[in-house]
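> Model the structure of this input:
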Amino acid sequence: MSRFTPWLGGLMGIWLSASTSAFALPDWPPTLALDHALVQTSLLTRHFDPQPDHNNQQHLMGIELHNPDRWLTGVGWFKNSYEQPTWYVYAGREFPLWQFAEEINVRAKLTGGLLRGYKDEYRDKIPLNHLEVAPVLLPSIGVQWERFESDLIIFGTAGIMFTAGLRL
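Numbering: from 1, shown residues only. Purely as a prediction, here's the structure:
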């Protein structure tokens, strides 16, 4: 068993035990208004079961557009675990969890979208990638401090990525 497995279970437990009111969707459909943009990059990636051919430097570049009701849409480019250029186009929602101070917030995110980039001999490394485009759901937990944000993204059973970004 990987040493990251207890961490993953603990994080998912915290995320799932959050108040159900935080996950209510009273603002459906989302408004088409821009509250802020988030420009982000990856800091660190770790695989739960590291292999010699795994890349842990993803060089993520991404942008998210957030509306006032915490809905978001985004696009990210990175090098996948096998050094292949990969795109993730997604939409999702941010869920407030705790507010430590007026300017420090802990929140969860859930995004879903399409991932393109796992090709050739690595095409079957992610599920449902028969056409080299696969559906993906990514949960994360993060902190926002004024304009700075950082997230711990869990990518399936493969690993985790730490990101950092600035609100614009």
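
> Dihedrals phi and psi, the nearest residue to G142 once chain neighbours are set aside?
Using Cβ to Cβ, 6 or more residues apart in numbering and skipping residues adjacent in sequence, the residue nearest G142 is D151, 3.6 Å away. Yep, even glycine has a C-beta here, placed from its N, CA and C like the rest. Per-residue torsions, D151: phi -130, psi 150 (degrees, to the nearest 10).

> Does D151 touch K109 like I think?
Yes: counting by Cβ atoms under 8 Å, D151 touches K109, with 6.9 Å between them.

> quick one on the thing from earlier: what's the distance between the residue nearest to G142 and V143?
8 Å (Cβ to Cβ, to the nearest Å).

> Those two - which one has more neighbours?
D151 (23 against 16; other Cβ atoms under 10 Å).

> residues touching the more buried one, list them.
The contact partners of D151, taken as Cβ atoms under 8 Å, 6 or more residues apart in numbering, are 40, 109, 140-142, 162-163.

> cool, L110 as well?
Per Cβ under 8 Å, 6+ apart, neighbours of L110: 92-93, 95, 137-140.

> again with P50
So P50 contacts N56 (Cβ under 8 Å, 6+ apart).

> how would you label it: helix, strand or coil?
coil (DSSP: H, G, I helix; E, B strand; the rest coil).

> And the one 4 residues further on, by the same measure?
Under the three-state scheme (three-state DSSP), the conformation of H54 reads as coil.

> ok, it touching N80?
No: applying Cβ under 8 Å, one finds H54 not in contact with N80, separated by 9.7 Å.

> More neighbours: the two, which one.
A direct count of neighbours by other Cβ under 10 Å for H54 and N80 places N80 higher, at 21 against 16.

> Can you name the next helix or strand after the helix or strand harbouring F95?
Following DSSP states H and E, one finds F95 within strand 85-101. The C-terminal neighbour of strand 85-101 among helices and strands, as given by DSSP H and E, is strand 104-116.

> Now do the shared contacts for D151 and K109.
140-142.

> Now rank those residues by neighbours and give me the top one.
Going by other Cβ under 10 Å, S140 tops those with 23 neighbours.

> Tell me where the protein has strands.
Remark: strands assigned in the chain by DSSP state E are 36-47, 61-66, 71-79, 85-101, 104-116, 133-145, 148-155, 159-167.
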